[in-house]
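Q: Show me how the following folds:
(chains A, B and C)
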Amino acid sequence: MTEPAITPELVQQHNLTPEEFEKIKGVLGREPSYTELGIFSVMWSEHCSYKNTRPLLKTFPTKSPRILVGAGEENAGIVDIGDGLAIAFKIESHNHPSAVEPFQGAATGVGGIIRDIFTMGARPVCAVNSLRFGPIEAGGNSAHNRRLFAGVVSGIAHYGNCFGIPTIAGEVYFDPSYEGNPLVNAFCLGVLRHEQIARGAAKGAGNPVFYVGPATGRDGLAGAAFASRDLTEETASKQRGAVQVGDPFMEKLVCEACLELLATDAVAGIQDMGAAGLTCSTCETAARAGTGIEIELSLVPQRAPDMTPYEIMLSESQERMLIIVRAGREDEVKRIFDKWDLPWARIGQVTDTGRMIVKHHGAVVADIPAKKLADEAPVYQRESSQPAYLKAVREFSLASVPVSGDPVADLRQLMAWPDLASKNWVYRQYDHTVRDGSVVCPGSDAAVIRLKADSLPPGKADGAVVEKCIALTVDCNAAYVYLDPYEGAKIAVAEAARNLACAGAVPLGTTDNLNFANPHNPESFWQLKESVRGLAEACRFFNAPVTGGNCSLYNQSPNGPIDPTPTVAMVGLIEKPEHITTQWFKDEGDAVILLGGAIDGQDPMRGLGGSAWLQCVRRMKTGAPPRCDLETERGLHNALRGFIACGLIKSAHDCSEGGLAAALAESCISRQIARNTPRLIGAQVDLSFAAGESTRLDALLFGEAQSRVIISVAPHDAVKVVERAKILGLSAAKIGVVGGGELTIKAGAWEGKWPLAELHDLWWNAIARAMDL
Amino acid sequence: MKAKIIVTPKKAVLDPQGKTVQNALEQMGYKGIGAVHVGKYLEIELPGAEAEIWRKPIDEACLRILSNPVIEDYRFVIE
Amino acid sequence: MNFAVLQFPASNCDQDALHVVRNVLGQSGRFVWHKENSLAGMDAVIIPGGFSYGDYLRTGAIARFSPIMQAVREFAAKGGPVLGVCNGFQILCEAGLLPGALIRNRSLQFRCEPVFLKTATRQSPFTHKIPDAQILRLPIAHGEGCYFADDATLDQLAREDRILWQYSDAGGQLTEAANPNGSLRNIAGLCNQARNVAGLMPHPERASEAILGSADGRLIFESLLSWLQTQAAKAA
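A: Here you go, the predicted structure:
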């Protein structure tokens, strides 16, 4: 079989520049073979090498006393949670495949991130996701967007539910910028003891290299390179073969078998075969250990006939793992993988040459220095320039926005707006209770899971397991980031930390998914640079280091680039189960308190810049977004946690999209007891103290000033809480009382009343109604 | 040689998939169609060329595992 | 008492069931792998939920042929109690140990939410300790939970008082709105003629501790435990 000749066209088709090709020749000391060209093209793609973003990513804070495995070291970061236990977590994207085949694209995205967790030796215990699509309400391309939305959700459900992991939190947004380029960011978290941490390093020359999992086929060929290109009609149709098909049943078996194998101590190194499959796993494990690796492709289990070396190396068939076994312990692999009826094959060994050598029927088809391939991809400092559209955004004045004529109708409209409405249409398709660990399910600010003995992988471990409560959230208001990338990204982190605080948790660490457009476009790159600056500053400030994450660039379609979307997933620790707090009002008579200021007088847009109200009711996406003062924000979180620890807080809900009015409404209507059975409880609120002559009512009700939380406390605790908050330097005011069948908000002479049943129906059923179209 | 097996839901069993597909076809403009039933098609590759010796085993397999007689009907050809 | 929790490839509620047996009920229990063929020494069998064999072909269709199922059959024939939850219920129906079948939810979507259950009879090892008139709140999580059987079977079930739980509203009314999957007669769970084998789609093992939102599921396990203890006392 002859391989194609290397021509400039072929190099270009592989998404490599002439300069990169020269660099490859420099590394090899000769021209590459066709297979080697393929290998370099995936390893040096943006998706695998981060060549456009590495300098920026280096600015993230990545250390803290709790970090056991940091960003960039391995497949996922690991954080200590005390008592010898640790958590591994990460977020990753599968955007382009989901645009082409939403069900499988999303499903395999979930599969990939689950593997990244158990390859670290952790038992996966929960999943989270962040999704973005074009608008789903009638009109324009909405039918297509609905199809993608439904496909993605059912793909995630299919994979996560069958694997047996609760999908416990998430966010969903709809915006025209995502038409043609949906975003699917999938997160997974796993648990392990410190001593169970497994590494993806090919240690020990002479150790055998095993392949475990289903046979390799032609699926996903060059998926990594596909992710590193703009999505056009042409690239989409050529890539129809690029979408991998996932088998969650197989993944569950592979996961259990790998965890069992890891418990035997027979494993020297382990890595999943994800993007760039066999190529990435072999070269990265060798590079990490400073060793070499040699594999014989005819020994790789194959399910398609006559596969070429190129195809075998680049295939992204799912659910496969590479395991470096300690010499002499090969029988453990056989015993365990036979028990689970899983295919396995010894395909090579670790060497001390530092080279990755790939043979096919004895003939060498690739011979590459492993470290140079894995670690020495070119690094680019892209040009950046401030986007032209920002001028108009900054000059936009609130005076040009007509004051709301009917705030009562506005709130109804907002609550029924898919971006704000209840996401139960989505999460009721996800199993969110499997594993007996879901303490706070989807529907509150942050999800909370409890970790217990069976959350751990099997091991020789003895001794009682101290139970832990972990809170999770994923956030990004991309409209804010579009309107001010630095501030918007800062707010994404601040909001995540705020959501954790509302649940009673302290942040432990962050994982980020940077979804941006073409980095060769200076304006897009500027958005990326500024977002990273905001993320880095805020993560450092909240002591929530970045433990790892994912970059997804080239997110643009013929319609244009997506809004810059740096998705932030944050994990926190709750000291005691008694501290776990939810967002809905609890009892008639409780006092409603606003922590934080009612209006930000320093903000010329009064919190309406980039707000849900401006987008949904006035149909404008402009204006400088609200500012977040990190000191004030941190003071708020600390105070809130302190009150929670004293047992003073009955509910806590942060103010974000839709401002005070939406936060109050959600506190009244978001408690769901069972199917068709919400527990609605009203509130009488008076904001007159903040309603001055010059105060716009719509800004007061719907402005999205930062650093605010609505809490409810027992009536006799109200005065004490407000006083203590003020002593701590926070603005605080009792604004109302819980009770009744309506939400009423007074502001000076104005009063708005919303019967709860109607508000709940609008909010609860909005997405189901849109999907029935 | 292959056994080509078609498994369909029994008429009495509610077939929401079938109903959904029927609605979709009608909405797309295929007027006047009747009910739609969604089933399964299985192909089993068989050695040799003697269809007759496989008839009974395939029938038994259909009854035992490939279909659930409580809710499904089946038919097959071997060719 | 010794509880066996069966494990098929990709059962994924097995750990939850064992957790409840050991840590909530304080009983002894172990996993029994599908390739084993004995239940010697076991007092009760739980067939947990999950996606055994990926739910490929039909949910439960392949699991029912596992070697362990012969032992389950014999165990049940001798009067041993068997409780199938979710996928376990599906396996019992496919194996013919319970009548009817579970098909795809009417909505065609997977459904995970807490539901209310009315206990239709207290004349069974699985329900006798559930207080009169108490409506249970248990989570469901399934894509194929719609119970189907022909009219003759449904009438027989009713006549023989073998329907154990039905989907209801908070007040115990068997409404259509309360039915999450289209199950005929709102049937959520039932038992065999000898009343020792039961299956239900909702997950009692996910509602046995208050921290998880509801401890109503515990009543089902305690009914079973109490029945076992009574049987053991009689035998002594």
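Q: separation between the nearest residue to A:R708 once chain neighbours are set aside and A:V403?
A: Once flanking residues are discounted, A:R708 sits nearest to A:G596: 3.2 Å by C-beta to C-beta, 6 or more residues apart in numbering or on different chains. The C-beta positions use only the backbone N, C-alpha and C, and glycine is treated the same way. As judged by C-beta to C-beta, to the nearest Å, A:G596 and A:V403 stand 24 Å apart.
Q: And the two? Which one has more around it.
A: Higher neighbour count among A:G596 and A:V403: A:G596, with 24 against 10, using other C-beta atoms under 10 Å in any protein chain shown.
Q: Quick check, that one in contact with A:L636.
A: Yes: counting by C-beta atoms under 8 Å, A:L636 is a contact partner of A:G596 at 6.1 Å.
Q: Pull up the overlap in contacts between those two.
A: Residues touching both A:G596 and A:L636 (C-beta atoms under 8 Å, 6 or more residues apart in numbering or on different chains): A:707-709, A:730.
Q: near chain A, which residues of chain C?
A: Residues of chain C that fall close to chain A, judged by C-beta under 8 Å from any C-beta of the partner chain: C:9-10, C:12-13, C:15-16, C:18-20, C:49-51, C:53-56, C:109-116, C:137, C:139, C:141, C:143, C:169-170, C:177-178, C:180, C:203, C:205-206, C:209, C:211-213.
Q: on that earlier part again, just give me the closest of the shared contacts of A:G596 and A:L636 to C:P131.
A: A:V709 (40.2 Å; C-beta to C-beta).
Q: Identify the residues contacting the closest one.
A: A:V709 makes contact with A:498, A:501-502, A:594-596, A:636, A:640, A:652-655 under the criterion C-beta under 8 Å, 6+ apart.
Q: For C:I103, give me the backbone phi and psi.
A: The phi/psi pair for C:I103 (degrees, to the nearest 10) reads phi -120, psi 180.
Q: ok, now which ones touch it?
A: By C-beta under 8 Å, 6+ apart, the contact list for C:I103 reads B:9, B:13-14, B:71, C:144, C:146, C:148.
Q: for A:E3, what are its contacts?
A: Counted by C-beta under 8 Å, 6+ apart, A:E3 has contacts A:33-35, A:308, A:310.
Q: Tell me the secondary structure at it.
A: coil (DSSP: H, G, I helix; E, B strand; the rest coil).
Q: can you check A:F149 too?
A: Per three-state DSSP, A:F149 ends up helix.
Q: Any idea what the spatially closest residue to it that is not a sequence neighbour is bridged to?
A: Among residues not flanking A:F149 along the chain, A:F133 sits closest, at 4.8 Å (C-beta to C-beta, 6+ apart). Beta bridges link A:F133 to A:F174, judged by DSSP bridges.
Q: how much space is there between A:F133 and A:M356?
A: 40 Å.
Q: Walking through chain C, point out its strands one by one.
A: With DSSP state E, the ranges of strands along chain C come out as C:2-7, C:28-33, C:44-47, C:82-85, C:101-103, C:111-119, C:136-142, C:146-148, C:163-168, C:187-191, C:197-200.
Q: Turn those strands into a markdown table, including mean pLDDT.
A: Listed next are the strands of chain C as a markdown table, based on pLDDT from 0 to 100:
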| stretch | mean pLDDT |
| --- | --- |
| strand C:2-7 | 97 |
| strand C:28-33 | 97 |
| strand C:44-47 | 98 |
| strand C:82-85 | 98 |
| strand C:101-103 | 96 |
| strand C:111-119 | 98 |
| strand C:136-142 | 98 |
| strand C:146-148 | 97 |
| strand C:163-168 | 98 |
| strand C:187-191 | 98 |
| strand C:197-200 | 98 |
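Q: Next, format those strands as TSV and append distance to A:V172.
A: TSV is the format used below for the strands of chain C (distance: least, C-beta to C-beta, whole Å):
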stretch	distance to A:V172
strand C:2-7	35
strand C:28-33	37
strand C:44-47	35
strand C:82-85	31
strand C:101-103	29
strand C:111-119	16
strand C:136-142	20
strand C:146-148	27
strand C:163-168	28
strand C:187-191	30
strand C:197-200	32
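Q: And the residue in chain B that chain A sits nearest to, how far from A:L148?
A: Across chain B, no residue is closer to chain A than B:Q27, which sits at 10.9 Å (C-beta to the nearest C-beta). Distance of B:Q27 to A:L148, given as C-beta to C-beta: 19 Å.
Q: outside of the helix-or-strand element of chain B with minimal mean pLDDT, which residues touch it?
A: Of all helical and strand segments in chain B, the minimum by mean pLDDT, DSSP states H and E falls on helix B:16-27, at a mean of 82. Helix B:16-27 is contacted from outside by B:9, B:33, B:35-38, C:104-108, C:182, using C-beta under 8 Å, 6+ apart.
Q: what does chain B put close to chain C?
A: Residues of chain B lying close to chain C (C-beta under 8 Å from any C-beta) are B:9, B:12-14, B:16-17, B:20, B:65-66, B:68, B:70-71.
Q: Same question for chain A.
A: A:154, A:157-158, A:161-164, A:247-250, A:252-253, A:340-341, A:427-436, A:438-439, A:441, A:450, A:452, A:454, A:577, A:672-677.
Q: and the residue nearest to A:H158 when sequence neighbours are not counted, how far is that from A:G213?
A: The shortest distance from A:H158 to any non-neighbouring residue, by C-beta to C-beta, 6+ apart, is to A:A107 (5.5 Å). According to C-beta to C-beta, A:A107 and A:G213 sit 16 Å apart.
Q: okay, those two: which has more neighbours?
A: Shown here are A:A107 and A:G213; by other C-beta under 10 Å, A:A107 has more neighbours (33 against 28).
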